[in-house]
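**Student:** have a look at this fold, sequence not included:
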Ligand SMILES: O=P(O)(O)OC[C@H]1O[C@H](OP(=O)(O)OP(=O)(O)O)[C@H](O)[C@@H]1O
């Protein structure tokens with residue numbers, strides 16, 4: 001880890017601690033993290049940065065659990081099982097916190113491109129791309145008028161409806177590494193289409209990440225297609 005990466009990790013830990021502090025006293029934060037309340041006060045107020053080991057523990061340990069809990073509290077299901085995740089995907093600051101936690105806990109290598117699906121994956125894709133200093137690309141269900149060449153992937157869904165995603169062909173070059181992300185994974189059909197687009201681009205997939213997994217069907221489906229790490233920040237029961 002070079003000096004800039006260490007500094008970035010230390011600042012990410014401070015951002016996680018600040019989020020946790022919003023709803024806690026310093027004593028409660030000390031109980032949660034195992035760190036002294038006085039130190040936490042200095043970190044949260046920006047007077048001192050946590051050491052690298054402490055920063056890693058915060059980001060990978062309590063950070064993941066806390067973000068998953070926060071995510072669960074912001075997601076709503078209706079009677080038919082449809083998800084309202086606007087409380088998450090409309091909050092870019094929250095997604096900016098998720099990116100380092102996801103990258104560190106699931107072990108994704110830095111990609112050249114973060115690939116997602118319009119619409120709801122876009123803000124997470126932007127957060128992940130910003131964290132990795134990578135480009136972001138999103139496949140859409142329609143063709144952009146001025147773009148001449150597309151990669152397209154089509155699938156007949158379990159529902160019988162056909163779903164096609166289009167990506168401008170120049171968004172990903174052969175040999176580049178691609179991290180596939182989305183806000184939600186349920187059947188895995190969307191991820192399968194994105195993986196197919198990466199394959200057609202002759203790119204190397206470095207991982208598949210979803211904020212929310214509903215059941216494990218989609219995660220299992222992605223794992224059948226790629227050997228790269230596949231994971232979600234939080235998993236809800238499918239029923
Ligand atoms: O694992 P799956 O069963 O494929 O479901 C996951 C997909 O469903 C949602 O997108 P949706 O198709 O609703 O499009 P939207 O983002 O434009 O709302 C979500 O954003 C994922 O892309």
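**Tutor:** Here it is on my side, so go on. The structure displayed is predicted, hence computed values, not measured ones. Numbering: from 1, shown residues only.
**Student:** avg pLDDT for stretch 135-151?
**Tutor:** Per-residue pLDDT values over stretch 135-151 give a mean of 94.
**Student:** just the buried residues of that stretch, please?
**Tutor:** 135, 136, 137, 138, 139, 140, 150, 151 (16 or more other Cβ atoms under 10 Å). Where you see a C-beta, it was placed from the backbone N, CA and C, and this is true even at glycine.
**Student:** so which of the residues you listed sit within helices?
**Tutor:** Per DSSP state H, helices hold no members of those.
**Student:** from those, which is closest to residue 54?
**Tutor:** For these, the residue nearest residue 54 by Cβ to Cβ is residue 136; the value is 30.9 Å.
**Student:** check contacts around that closest one.
**Tutor:** Residues in contact with residue 136, defined by Cβ atoms under 8 Å, 6 or more residues apart in numbering, are 113, 114, 115, 116, 122, 125, 126, 128, 129.
**Student:** of those, which pair is most distant in space?
**Tutor:** Maximum distance among those (Cβ to Cβ): 13.9 Å, for 113 and 122.
**Student:** from residue 148, how far off is residue 168?
**Tutor:** As defined by Cβ to Cβ, to the nearest Å, residue 168 lies at a distance of 9 Å from residue 148.
**Student:** okay, residue 113 and residue 122: which has more neighbours?
**Tutor:** Between residue 113 and residue 122, counted using other Cβ atoms under 10 Å, the more crowded position is residue 113 (23 against 18).
**Student:** C-terminal to the longest strand anywhere in the chain, what's the next element?
**Tutor:** Ranked by residue count, the top strand of the chain under DSSP state E comes out as strand 204-214. Downstream of strand 204-214, the next assigned helix or strand under DSSP states H and E is helix 217-225.
**Student:** mean confidence score for that next one?
**Tutor:** Mean predicted confidence for helix 217-225 is 97.
**Student:** what does it rub up against?
**Tutor:** Counting by Cβ under 8 Å, 6+ apart, residues outside helix 217-225 touching it are 185-189, 191-192, 195, 208, 210, 213, 230-232, 235, 238.
**Student:** between those residues, which is closest to residue 36?
**Tutor:** For these, the nearest to residue 36 is residue 231 (32.0 Å; Cβ to Cβ).
**Student:** just list whatever residues bridge to the closest one.
**Tutor:** With DSSP bridges as the criterion, residue 231 is bridged to residue 209.
**Student:** tally of neighbours for it?
**Tutor:** 19.
**Student:** same question for residue 72.
**Tutor:** Neighbour tally, residue 72, other Cβ under 10 Å: 14.
**Student:** can you confirm it is in a helix?
**Tutor:** Yes - counting by DSSP: H, G, I helix; E, B strand; the rest coil, residue 72 is part of a helix.
**Student:** outline the domain layout of the chain.
**Tutor:** Per the record, the chain has its domains at 3-66, 83-236, by the TED database.
**Student:** phi first, then psi, for residue 155.
**Tutor:** Torsion angles at residue 155 (phi, psi; degrees, to the nearest 10) stand at phi -150, psi 140.
**Student:** got a list of what it touches?
**Tutor:** 162, 163, 164, 189, 192, 193.
**Student:** and the helices in this structure?
**Tutor:** 3-21, 26-33, 37-44, 52-57, 63-74, 86-89, 92-106, 122-132, 189-200, 217-225.
**Student:** how about TSV for these, with distance to the ligand added?
**Tutor:** Formatted as TSV, the helices of the chain follow (distance: least, Cβ to the nearest ligand atom, whole Å):
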stretch	distance to the ligand
helix 3-21	24
helix 26-33	31
helix 37-44	34
helix 52-57	31
helix 63-74	15
helix 86-89	8
helix 92-106	14
helix 122-132	8
helix 189-200	3
helix 217-225	4
